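*Asks:* Please work out how this folds:
(chains A and B)
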Amino acid sequence: MASTLPQNEITARPALGTVPVVQSQSPSTSGSGIRIDIHDAEVRFGELTVLHKLNLTIPSGQFLSVVGRSGCGKSTLLRLIAGLQTATEGAVQFDGSVTSGLRPDVRIMFQDARLLPWKSVLDNVRIGVPGGDRGKALEALALVGLADRAKEWPSVLSGGQKQRVALARALAGDPSLLLLDEPLGALDALTRIEMQQLIERLWQERKFTAVLVTHDVSEAVALTDRVVLVENGTISHDVNIALARPREKDSGFAHYESNILNRVLGRRTSGGAKEGFSI
Amino acid sequence: MKSSTSAKWTNQLRNVGLEWIIPVLTVLLWQWFSSSGWISQRILPSPLSVVEAGVKLVKNGNLFVYIGDSTRRALLGFVIGGGIGFVLAIINGLLPLFEKLTDSSIQMIRTIPHLSLIPLIIAWFGIGEQGKIFLVALGVAFPIYLNTLHGIRGVDPGLIEMGRTYGLRGFTLFRSIIFPGALPSILVGLRFALGIMWITLIVSETISANSGIGYMAMNAREFFQMDVVVLSIIIYALLGKLSDWVAKLMERGWLQWHPHFRKTK
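*Replies:* A predicted model of the protein is given here:
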């Protein structure tokens, strides 16, 4: 039962070296990712200001991660982009036009899988398919390696399998923006690594814009192009991760990881190293 | 393959056997006590004479007419009362304004024992059908209302939020998330309501009726036909068991996704 990923995904890993080929042909295939501009966004709950004068631009197709201590407003930022939360002031723009409310080309993965226990795995994925086409849902399930579990109830799946079904549901409608709200937080270390690789592979194949909220700096460095740190409701730090994919946990990786972690924790390091990655 | 199915069969047979050991033993003991003269026929007739009375009533056709009359009243009251309770619970569960408006009134009416209304009901409806159906409906409405409302409130808000992000709203959201989420609780209410349905009917039929099982029992008491009295009590027990079985069947059929109700393979 432990070997949850099917063979083809394991063999798919080394093939990631050929990604540039996929990249060169992909812009013409599916609708590419949404470009997001957030201007002076402010979110208040009564007296409490959660986000304050927040500005952020995410280019189309970028994989961005948002890190920060719990309660810093990173989940609220994600909910603002998702349209689950409206800005008290300021605006969110998708591809240059102001947006508000939920959109069919934006999908969210939550920390818990949120599968409907009374629907089969396949029917759960069909929720994400416009029109509910079975074939498309099955295709999406095959993408995450769970086509053979289509008829089962979600309650018999493991935590990692449930999240993979949730990922299939999110990707079944070919979204232009995927929002990930700590979706791997509740998984064990090995399942987590498998899921990270799966998400990275699908992002590389499909070229959607992705925003990952996480408290795990190592995960942010391993997966994403750019890490922003949210402190006191605004972005206090913004780092591009200039590491080639697939990423190995080498000295460059450790450099980024420790620098960002020190920032998050508010620890002072030697000034030189800090200047080294600040942009 | 063959051995596993036969093993399943013997297993099932054993389960059914275990369920019925106590009722069957009770009847056997009862018959033995009666035929050895330890229990007077005037106090408690023997099982055999109850069966004889049943056969006689089947032959003259009255038994099925009475069972039919009682069942019709019970189901009619159940559908009316259950329907009202269900619809009210859904409105109150989904629209907070309505809940504020009606919930405390409903809670007040709920605390009245509905059987205490019998004198009033007889004054209003006489001994006709309406009174009995009214009482059954009143008794059934509250367990359905309370459990449906509880079920709707208990639906995981995370699932509803998920549904909204996938564009489900209005009736689709209700049909695919809220109703199935509330269903386990609704079925608990249904089971309670089925019990209350029979109790209410028995009481109202023994007090005022000119047909039905309760009438049959009261009529038999006047002529001191103890075997018929006991027969009607047994019929009530069987009808109660039957409706419980139907409720269980619904749970098995509709809640297969729930690990608790899944059929053991």
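*Asks:* For the one residue sitting closest to the centre of chain B, I want the exact helix or strand it lies within.
*Replies:* Central residue of chain B (Cα atoms, centre = their mean): B:Leu194, 1.9 Å from the mean position. In this structure, B:Leu194 sits in helix B:179-207 according to DSSP states H and E.
*Asks:* number of nearby residues for A:Val227?
*Replies:* Applying other Cβ atoms under 10 Å in any protein chain shown, we find 26 residues neighbouring A:Val227. Using the backbone N, CA and C atoms, a C-beta is placed for each residue, glycine as well.
*Asks:* That one belongs to a strand?
*Replies:* Yes. If the criterion is DSSP: H, G, I helix; E, B strand; the rest coil, then A:Val227 is within a strand.
*Asks:* distance of it from B:Gly85?
*Replies:* Counting by Cβ to Cβ, to the nearest Å, the separation of A:Val227 from B:Gly85 is 55 Å.
*Asks:* Do a quick rundown of the strands in the stretch 51-200 of chain A.
*Replies:* A:63-67, A:89-94, A:97-98, A:106-109, A:177-181 (DSSP state E, counting those that start in this stretch).
*Asks:* With the stretch 151-265 of chain B instead?
*Replies:* Using DSSP E, counting those that start in this stretch, strands in the stretch 151-265 of chain B do not occur.
*Asks:* Can you name the residues of it that neighbour chain A?
*Replies:* Where the stretch 151-265 of chain B comes near chain A, counting by Cβ under 8 Å from any Cβ of the partner chain, the residues are B:156, B:158-159, B:161-168, B:176-177, B:180-181, B:183, B:256-259.
*Asks:* Which of these fall within helices?
*Replies:* Judged by DSSP state H, those include B:Gly158, B:Leu159, B:Glu161, B:Met162, B:Gly163, B:Arg164, B:Thr165, B:Pro180, B:Gly181, B:Leu183 as members of helices.
*Asks:* Out of the strands of the stretch 51-200 of chain A, which gets nearest to A:His215?
*Replies:* strand A:63-67 (6.7 Å; Cβ to Cβ).
*Asks:* can you give me the mean pLDDT across the closest one?
*Replies:* Computed over strand A:63-67, the mean pLDDT rounds to 95.
*Asks:* Check the offset of that strand from the chain's centre.
*Replies:* Its chain's C-alpha centre and that of strand A:63-67 lie 7 Å apart, by Cα atoms, centre = their mean, to the nearest Å.
*Asks:* contacts for it?
*Replies:* Residues from elsewhere that reach strand A:63-67, judged by Cβ atoms under 8 Å, 6 or more residues apart in numbering or on different chains: A:58, A:74, A:77-78, A:203, A:209-217, A:219-220, A:223-230, A:260, A:264.
*Asks:* which of these count as buried?
*Replies:* A:58, A:74, A:77-78, A:203, A:209-217, A:219-220, A:223-230, A:260, A:264 (16 or more other Cβ atoms under 10 Å in any protein chain shown).
*Asks:* taking those residues one by one, which sit in helices?
*Replies:* Members of those lying in helices (criterion: DSSP H): A:Lys74, A:Leu77, A:Leu78, A:Trp203, A:Val217, A:Glu219, A:Ala220, A:Leu223, A:Ile260, A:Val264.
*Asks:* Go through stretch B:33-46 and flag the buried ones.
*Replies:* In stretch B:33-46, counting by 16+ other Cβ under 10 Å, buried: B:Ser34, B:Leu44, B:Pro45, B:Ser46.
*Asks:* for that stretch, how far is the first residue from the last?
*Replies:* By Cα to Cα, to the nearest Å, the extent of stretch B:33-46 from end to end equals 8 Å.
*Asks:* Quick one: classify A:Asp37 as helix, strand or coil.
*Replies:* Following three-state DSSP, the label given to A:Asp37 is strand.
*Asks:* What's the local residue count around the residue nearest to it when sequence neighbours are not counted?
*Replies:* Once flanking residues are discounted, A:Asp37 sits nearest to A:Gln93: 4.2 Å by Cβ to Cβ, 6 or more residues apart in numbering or on different chains. When neighbours are counted by other Cβ under 10 Å, A:Gln93 registers 15.
*Asks:* from what I can see A:Gln93 touches A:Ile81, true?
*Replies:* No. A:Gln93 is beyond contact range of A:Ile81, at 10.7 Å (criterion: Cβ atoms under 8 Å).
*Asks:* Between the ones in helices among the residues of the stretch 151-265 of chain B next to chain A, which sits nearest A:Leu116?
*Replies:* Nearest to A:Leu116 out of these is B:Leu159 (Cβ to Cβ; 6.4 Å).
*Asks:* Do I have it right that that closest one meets B:Ser176?
*Replies:* No. B:Leu159 is beyond contact range of B:Ser176, at 9.7 Å (criterion: Cβ under 8 Å).
*Asks:* Now do the same contact list for B:Ile90.
*Replies:* Neighbour list for B:Ile90: B:Thr148, B:Ile152 [criterion: Cβ under 8 Å, 6+ apart].
*Asks:* Local confidence estimate at it?
*Replies:* pLDDT, read off for B:Ile90, is 94.
*Asks:* Many thanks, I have nothing further to ask.
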